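# need a 3D model of the following:
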Amino acid sequence: MSILDWFANKKNLDKKKSIKNIDKLNIPGNLWVKCPKCSEVLFSKDLELSYKVCSKCSFHFRITPEERIDYLLDNNSFVELDKDIKPVDFLKFEDTEPYEDRLIKAQEKSKYLDAIIIGTAKINGIPVNIGIMNFFFMGGSMGSVVGEKITRIIENGIETKNPVIIFTSSGGARMQEGILSLMQMAKTSAAISKLSSLKIPYITVLCDPTTGGTSASFAMLGDIQIAEPGALISFAGPRVIEQTIKQKIPSGFQRSEFLLDHGMIDNVVHRKDLKKTLKNIISILQAQEENK
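This is a model prediction of the structure:
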């Protein structure tokens, strides 16, 4: 064997070893998640078992409606209602792209038709009406479908006399539907007023984020208002407020703990304790009504 052949064989051998080592280190990229608050690297399976809450700093990750159903409702108790209602591009709205195209992309990505699902379920055996907003669909923005579904689940509560619980997570009204998205504020508030007149419990769970027209309507009208730790809850963003009032806002302003300290919400509850807390609240409210 010539010296040139020897070097050629060695080069091919080194290349094969390199490929083999790469194959051994071909680790899936979704095994680990970095906490955006404390930068702790978390094992994905452990994170799922801990309700999607960081084990080091208790940061609450945003979760999908399916995950919320699994974590908080009795097994196989959720029955979805009005699942086929679709948004309509009645304004033929177009900015950088047509609204119709945005809807198609959001539906394909999230596997949902719009930013909320509603249905009936049980929490520790107690029948309830549930609405769960989905921030992963166009930022949980409130359009005509969200307002209609919120109203329908409230009407179902009026019919069944069972409590209504809404989990909010929204960037506010959906600008692509113009004035009709803003009209959902009045529509949902009117439905809640009727629910309240019948003394049927209405509980809101404010998740990160709850802002804009959502926070200015049904999100802040609960008989009991609970928030997840660290959730952003506001109408306008901090930068807009600072520019308007020409003052620096306090640290932690618009977070759930700040709102609790200033009487805007009733409690801040860790996700692992939320199911038990909701069950206790409903039991107390129902017992009080029965004793009247």
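
# give me the neighbour count for the closest residue to V128 other than its chain neighbours.
Closest residue in space to V128, ignoring its immediate chain neighbours: P163 at 5.0 Å, by Cβ to Cβ, 6 or more residues apart in numbering. No exception for glycine: its C-beta is placed from N, CA and C like everyone else's. Neighbour count for P163, taken as other Cβ atoms under 10 Å: 24.

# now do E108
Using other Cβ under 10 Å, the number of residues around E108 comes to 8.

# what pLDDT does it get?
As predicted, E108 sits at a pLDDT of 96.

# name the helix or strand for it, please.
Taking DSSP states H and E as the definition, E108 sits inside helix 99-110.

# may I see the buried residues of stretch 206-218?
Judged by neighbour count (16 or more other Cβ atoms under 10 Å), stretch 206-218 contains these buried residues: 206-218.

# what mean pLDDT does it get?
The model assigns stretch 206-218 a mean pLDDT of 96.

# ends of that stretch, what's the gap?
11 Å (Cα to Cα, to the nearest Å).

# tell me the centre residue of this protein?
By Cα atoms, centre = their mean, the chain has its centre lying nearest to S169, at 4.1 Å.

# and the next helix or strand past the helix holding E108?
Next element after helix 99-110 (DSSP H and E): strand 116-123.

# direction included, what does the very next helix or strand once past that next one pair up with?
The element immediately downstream of strand 116-123 (helix or strand, assigned by DSSP H and E) is strand 126-133. In the sheet, strand 126-133 lines up against strand 116-123 (antiparallel), strand 164-170 (parallel) (DSSP bridges).

# centre of the chain versus the last one, how much separation?
Same thing as strand 164-170. Strand 164-170 sits 8 Å away from the centroid of its parent chain (Cα atoms, centre = their mean, to the nearest Å).

# quick one: mean pLDDT over the next helix or strand after that strand.
Following strand 164-170 in sequence order, the next helix or strand is helix 178-197 (DSSP H and E). Helix 178-197 shows a mean pLDDT of 97.

# restricting to C-alpha, output helix 178-197 in PDB.
Output in PDB follows, covering the C-alpha atoms of helix 178-197 (Å, rounded to 0.1, in the frame of the first residue of the first chain):
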ATOM      1  CA  GLY A 178     -63.500  46.000  13.900                       C
ATOM      2  CA  ILE A 179     -66.400  47.300  16.000                       C
ATOM      3  CA  LEU A 180     -68.000  43.900  16.200                       C
ATOM      4  CA  SER A 181     -65.200  42.600  18.300                       C
ATOM      5  CA  LEU A 182     -65.700  45.500  20.700                       C
ATOM      6  CA  MET A 183     -69.400  44.800  20.800                       C
ATOM      7  CA  GLN A 184     -68.600  41.400  22.400                       C
ATOM      8  CA  MET A 185     -67.700  43.300  25.600                       C
ATOM      9  CA  ALA A 186     -71.300  44.500  26.000                       C
ATOM     10  CA  LYS A 187     -72.800  41.200  24.800                       C
ATOM     11  CA  THR A 188     -70.900  39.100  27.300                       C
ATOM     12  CA  SER A 189     -71.400  41.600  30.100                       C
ATOM     13  CA  ALA A 190     -75.200  41.600  29.600                       C
ATOM     14  CA  ALA A 191     -75.200  37.800  29.800                       C
ATOM     15  CA  ILE A 192     -73.200  37.800  33.000                       C
ATOM     16  CA  SER A 193     -75.700  40.300  34.500                       C
ATOM     17  CA  LYS A 194     -78.500  37.900  33.800                       C
ATOM     18  CA  LEU A 195     -76.500  35.100  35.400                       C
ATOM     19  CA  SER A 196     -75.800  37.200  38.400                       C
ATOM     20  CA  SER A 197     -79.500  38.100  38.900                       C
END
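
# which other residues reach it?
Applying Cβ atoms under 8 Å, 6 or more residues apart in numbering, the contact partners of helix 178-197 are 90-91, 93, 141-144, 146-148, 150-151, 154-155, 157-158, 164, 173-175, 202, 213, 216-218, 221, 223.

# good, wrapping up.
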